[in-house]
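> The following comprises the amino acid sequence and a computationally predicted model.
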Amino acid sequence: MSTSMRGLTVFIADIRNCRVRELEEKRINKEMANIRAKFKDGNLNGYQKKKYVCKLLYMYILGWDIDFGHMEAVHLISSNKYSEKQIGYLAVTLLMHENSDLARLVVNSIQKDLLENNEIFNCLALHAIANIGGREMAESLANDVHKLLISPASKGFVKKKAALTLLRMYRKHPDVIPAVDWAERVIQLIDDLDLGVALCVTSLIMALAQDNLEAYLGCYEKAVSRLKKIVVEKEYSLDYVYYKVPIPWLQVKLLRLLQYYPPSDDERVRAELHDVLQAILSSSQETPRNIVNQAALLLGRFITSKETNVRYLGLETMAHLAACVDSLEPIKKHQDTILLSLRDKDISVRRRGLDLLYSMCDVTNAKAIVTELLRYLNIADYALREEMVLKIAILTERFATEYQWYVDIILQLISTAGDHVGEEVWYRVVQIVTNNEELQEYAARTVLIHLRSISCHESLVKVGGYILGEFGHLIANIPGASAIEQFHAIHSKFGLCTLQTRALLLTTYIKFVNLFPEIKGDILSVFNQYRHVLDAELQQRAAEYLAIATMPTDDLLQTVCEEMPPFPERESALLSRLHQQHSDTEDKRTWIIGGKDVNKERENLRMSSLITRSNSSDNKKTNGNFTIHNGSTSSNGGSTSSNGNINGSNGYGDVDLLSFSDLNLNNEITDSPTTLTITSQRGVLPADSITPGSEQWFGKLIYMTEGVIYEDTQILIRLKSEYHGHMGRIALYFTNKTQIQITSFITVIEHIENVIITTPGPPPSTIAPSNQIQQLFHIECHSTFTGSPNLRVSFIIGIPVYTIGLRLPVVIAKFMEPIELNGPDFFARWKQIGGGHREAQKVFKSAHPIDLVNGGIRNMISGFRFGILEGVDPNPSNVVGAGVLHTAKSGMIGCLMRLEPNVDAQMYRLTIRTTNEIATQELCTLLEDRLTNDKL
């Protein structure tokens, strides 16, 4: 390429000869200017386009921003010359991403190349799909890729790329791939003569089968048959023999695929599988009598190997062995070697070593392993620290034989790990201390010692604040732990904490007032000081606590500050968080890291589920008007677990210990919403779709602050809202109207531009019969916007799955504040704004009789947050209003309106003037719609 493009060669040489960055930048800018001029002229042939695009790619690889040349790359893809097409595809995959608008322009060209008889063009197109293929591309091209995969005319290397491209698309957009429809044809490819094709297809089937077990049940027999041909009948090419083992990668994948299903009832298949396993064992160097001991011994050699890959495989396989054996003794013999793996030069080996230590830990070696992990934590990679903290906390809780040891280790962990300690860790500590009376005094005494240290992490301050607030009275008579000393220990850290932690500590102080009346004066001075801070949450807490503490009697104080009851028993939040560390893009394991006990219950549930499914005669079940598609049960089940874990484990739901989850209106959403594919009597609701009939409630709530937003026979949803300036808050109340518990309850916001909606935490995943739950949303208007965001609510009642799509009444008028103007000021501003694009005027007919007597029209205008200006318009029937629209980034926008009703003609003339064109049109549209359709 370099010899045929001399200009590119010279340019690269010039760049390499630049000794300083300034010279390089000067040369780059000069070349960019030249390329821009050439592209602007437009008189370029394919060769010239290719040369200039190559230069742009070289600049991009060097780290320079490239904001032009994309269309030229798209044009190169349409070329019939391989060299030009190749550069075009290379540029597209480097310069674009799946959400790029320009990516849509190449869909037709890619489809054309997929349908060509040229294998090279097919491969280039497949590469592009795998690299930048978004949802739109997957929907358009998935069937064409599938045709390439199953076509008898396709070459082996094309089939391999097609299989891997489909795998990529399925992992990113599983709902786009019709996995069930393709099952039969894809399974047949396991028998392909090309072992490379069989390997790639097996990878694809592993992903598809995990979510569609029944549809891909036929792959079990195919996998056993292919294993027999490779291992027993020796049908393979010498090109695929690796260290005397025939295509080990395919063998491993086929064996892993078999793990997804219960053993076959077919005697022939069972006999073939037995022969395969016997042949694999017989081919080993020694025939082991005790397989577990022999496996541990062999793996012990692996983990001491000088080869990094061998050590990695040895540690990972030993972790799998620890997950299924009855005794860990053979593995414990290698404990010292495994501990040394934490200091391996390769981070992947260190990670596998950590997994193995976590899996092989039990009561006998827990203290040694936890102590070593704590020692290593100080020097561990930042990428490993959060995972290490979780595992240390879990092991300490699971294998603690002494309460004192548990408290010492956990507080040391929080103190050592600092910012790597998640909220789940200290939530769990508080739960365990609260639920164990014999632990409370020691915990209070120990945490007070930590609080007196010079460097005390904020998570430790939170733990100290909670424990001393609840149990500080247990140690108040111990020298050095008096009430005032406890208060000073905590308050010395107060000024260094975040607002959220300060809110918690204020709650600790009010509890101190109840427990230790002798220090009431010191605490009241703190409350009095924080009554005047800018933060609304701290100000409100301080003012309320001061009022409670200064009441004539202590009855309310004692009621508010009663000791917290024990927390309900549930799965540890730490386990839930640790399981979320597993990447969604990897093949799902049939085991999880953590030893035999952790895997046993999981395996029983999995197998019982598979047996139940395999007894089903159909891939879908019909119940009345509801159709639950194959695979939806497991998908929704996963969603339930996820939501349950979030709500019940990480503290954002009922574990919000001191109710400060809504402290900050600017909190960002940290949990990605779970996506469900749902079919119900309402039909499938794709994105942006609204449940029919819900608009009747939406229209009213545009100019009202509370009311019903949705109701049917299953659920009632009410809304309350408040807005101040560019900020707002909505509370949604979900009521279960049935006598059956609602499960898998999920809410998802479909955002719109310039409106930021956040929530302190997801709602509970269940709603008891005839019960109600609440969810808060914080809203911020960054700039003018049109339309309103959507809310999707998904839940299960019994077997059917429901989904509801609603429009949230968050419109631009909500961020207005009414103002008062006299007549001269109003008309002066009206004239100042002027007409043109800043004015919108509509004349329209009302669907209902216009009533000027009952004040309904004025109430609606006030509901749109316009200040009604009385006496400004000479005609008393007309309504004149003024307001200011508040935005975070675009500032304040003045808004004026005039409404002229004609009772005889049943018509209105509405005129809106604002200082922003978008606001003008949107306000006019909103008012026209409601005035036309609502009976006032």
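That came through fine.

> L716 and L732 touch, don't they?
No. At 10.9 Å, L716 and L732 do not qualify as touching, with contact defined as CB atoms under 8 Å. Quick note: C-beta positions are derived from backbone N, CA and C, even for glycine.

> Neighbour count for the two, which is higher?
Set L716 next to L732 and count neighbours by other CB atoms under 10 Å: L732 wins out with 23 against 16.

> Just the pLDDT for that one.
For L732, the model assigns a pLDDT of 94.

> just how off-centre is the helix or strand hosting it within its chain?
Secondary structure from DSSP states H and E places L732 in strand 727-736. Between the mean C-alpha location of strand 727-736 and the chain-wide mean there is a distance of 22 Å, by CA atoms, centre = their mean, to the nearest Å.

> other SSEs contacting that strand?
strand 715-724, strand 742-750, strand 772-781 (3 or more CB pairs under 8 Å, 6 or more residues apart in numbering; DSSP states H and E).

> and it, C-alpha only, in PDB?
Coordinates of each C-alpha in strand 727-736 appear next as PDB, following Å, rounded to 0.1, in the frame of the first residue of the first chain:
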ATOM      1  CA  MET A 727     -35.900  21.700  39.800                       C
ATOM      2  CA  GLY A 728     -38.900  19.400  40.500                       C
ATOM      3  CA  ARG A 729     -39.800  16.300  42.400                       C
ATOM      4  CA  ILE A 730     -42.400  13.600  41.700                       C
ATOM      5  CA  ALA A 731     -43.700  10.900  44.000                       C
ATOM      6  CA  LEU A 732     -45.500   8.000  42.400                       C
ATOM      7  CA  TYR A 733     -47.700   5.700  44.600                       C
ATOM      8  CA  PHE A 734     -48.400   2.200  43.200                       C
ATOM      9  CA  THR A 735     -51.300   0.400  44.800                       C
ATOM     10  CA  ASN A 736     -52.000  -3.300  44.200                       C
END
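
> mind listing what's buried in that strand?
727-728, 730, 732-736 (16 or more other CB atoms under 10 Å).

> Turn those into a markdown table, including distance to F487.
Shown next, in a markdown table, are those (distance: CB to CB, whole Å):
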| residue | distance to F487 |
| --- | --- |
| M727 | 35 |
| G728 | 38 |
| I730 | 38 |
| L732 | 40 |
| Y733 | 39 |
| F734 | 41 |
| T735 | 43 |
| N736 | 45 |
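
> and of the residues you listed, the nearest to Q841?
Of all the buried residues of strand 727-736, G728 has the smallest distance to Q841: 29.0 Å, by CB to CB.

> Of the helices and strands packed on strand 727-736, give the one that comes closest to Y52.
Of all the helices and strands packed on strand 727-736, strand 742-750 comes closest under CB to CB, at 41.0 Å.

> tell me which element Q500 is part of?
Q500 belongs to helix 499-515, assigned by DSSP H and E.

> send the alpha carbons of that helix over as CSV?
Taking Å, rounded to 0.1, in the frame of the first residue of the first chain, the C-alpha atoms of helix 499-515 are listed here in CSV:
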residue,chain,number,x,y,z
LEU,A,499,-23.6,16.1,53.0
GLN,A,500,-25.1,12.6,53.1
THR,A,501,-22.9,11.5,56.0
ARG,A,502,-23.6,14.8,57.9
ALA,A,503,-27.3,14.1,57.6
LEU,A,504,-26.7,10.7,59.2
LEU,A,505,-24.6,12.2,62.0
LEU,A,506,-27.3,14.8,62.7
THR,A,507,-29.6,11.8,63.3
THR,A,508,-27.0,10.3,65.6
TYR,A,509,-26.9,13.6,67.6
ILE,A,510,-30.7,13.6,68.2
LYS,A,511,-30.4,10.1,69.5
PHE,A,512,-27.6,11.3,71.8
VAL,A,513,-30.0,13.9,73.1
ASN,A,514,-32.4,11.1,74.1
LEU,A,515,-29.7,8.9,75.5
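
> K234 is in contact with I247, isn't it?
No. With contact defined as CB under 8 Å, K234 does not reach I247; the gap is 11.5 Å.

> returning to what we had before: for the helix holding Q500, which positions count as buried?
500-515.

> How is the chain partitioned into domains?
If you go by automatic domain parsing, the domain ranges for the chain are 1-95, 400-580+645-672, 688-810, 814-933.

> Turn those domains into TSV, columns for distance to H320.
Shown next, in TSV, are those (distance: least, CB to CB, whole Å):
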stretch	distance to H320
domain 1-95	36
domain 400-580+645-672	16
domain 688-810	31
domain 814-933	52
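
> Compare these and give me the one nearest D326.
Short answer: domain 400-580+645-672, nearest of the domains of the chain by CB to CB, at 21.8 Å.

> for the helix holding Q500, packing partners?
Going by 3+ CB pairs under 8 Å, 6+ apart, helix 499-515 lies up against helix 458-471, helix 483-491, helix 520-530, helix 536-549, helix 555-560.

> could you dump the first one to CSV, C-alpha only?
Only the C-alpha atoms of helix 458-471 are listed here, as CSV (Å, rounded to 0.1, in the frame of the first residue of the first chain):
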residue,chain,number,x,y,z
GLU,A,458,-15.9,8.3,55.9
SER,A,459,-17.4,4.8,55.7
LEU,A,460,-16.0,4.2,59.1
VAL,A,461,-17.6,7.5,60.3
LYS,A,462,-21.0,6.2,59.0
VAL,A,463,-20.6,2.9,60.9
GLY,A,464,-19.5,4.8,64.0
GLY,A,465,-22.4,7.2,63.8
TYR,A,466,-25.0,4.5,63.5
ILE,A,467,-23.5,2.1,66.1
LEU,A,468,-22.9,4.8,68.7
GLY,A,469,-26.3,6.4,68.1
GLU,A,470,-27.9,3.1,68.8
PHE,A,471,-25.6,1.4,71.3
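
> what's the angle between it and helix 499-515?
Interaxial angle of helix 458-471 relative to helix 499-515 (axes from the mean of the first three to the mean of the last three CA atoms, to 10 degrees): 20 degrees.

> so what does helix 458-471 touch, helix or strand wise?
So helix 458-471, by 3+ CB pairs under 8 Å, 6+ apart, packs with helix 403-417, helix 423-435, helix 437-451, helix 483-491, helix 499-515.

> who touches that helix?
411, 414-415, 418, 421, 425-426, 429-430, 433-434, 440-441, 443-444, 447-448, 450-451, 456, 486, 489-490, 493, 496-498, 501, 504-505, 507-508, 511-512, 563-564, 657-658 (CB atoms under 8 Å, 6 or more residues apart in numbering).

> re earlier: lowest average pLDDT across the domains of the chain?
Looking at the domains of the chain, the lowest mean pLDDT belongs to domain 400-580+645-672 (a mean of 77).

> Good, wrapping up.
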